[in-house]
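S.K.: sequence plus predicted model, see below.
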Amino acid sequence: MQNQSKDPLHGITLQKIVETLVDYYGFDTLGELIPIKCFNSNPSVKSSLTFLRKTDWARKKVEDLYIKTLPKLS
């Protein structure tokens, strides 16, 4: 029997999280849900990843939104 992680983020890259949220919500809605500059001012996945990798509190908000969105993606 394998030990499977209970963490829904286990094995998922930050890039995959951001791309999934952008595909589902779009940058406009994402910027409303999480009001950070990388989603509102000239947004791109690359610039968002750069910011989120350096900013723990923002990354946590994005990860939390991803976890809340998971049931809608199924």
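M.R.: Looks like it came in fine.
S.K.: just the helices in the protein please.
M.R.: Taking DSSP state H to define them, one finds helices in the chain at 14-33, 37-40, 45-54, 56-73.
S.K.: measure F39 to Y24 for me?
M.R.: According to C-beta to C-beta, to the nearest Å, F39 and Y24 sit 13 Å apart. Backbone N, C-alpha and C define where each C-beta goes, glycine included.
S.K.: neighbour count for these two, which is higher?
M.R.: Per other C-beta atoms under 10 Å, whichever of F39 and Y24 has more neighbours is F39, with 27 against 14.
S.K.: picking that back up, of all the helices of the chain, which one is nearest S5?
M.R.: Ranking these by proximity to S5 (C-beta to C-beta) places helix 56-73 first, at 13.5 Å.
S.K.: hang on, the earlier thing: out of the helices of the chain, deepest packed?
M.R.: helix 37-40 (a mean of 20; mean count of other C-beta atoms under 10 Å).
S.K.: before we move on, back to that, just put the helices of the chain in JSON lines and tack on distance to D7 and mean pLDDT.
M.R.: Formatted as JSON lines, those follow (distance: least, C-beta to C-beta, whole Å; pLDDT from 0 to 100):
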{"stretch": "helix 14-33", "distance to D7": "13", "mean pLDDT": "97"}
{"stretch": "helix 37-40", "distance to D7": "24", "mean pLDDT": "95"}
{"stretch": "helix 45-54", "distance to D7": "18", "mean pLDDT": "97"}
{"stretch": "helix 56-73", "distance to D7": "10", "mean pLDDT": "96"}
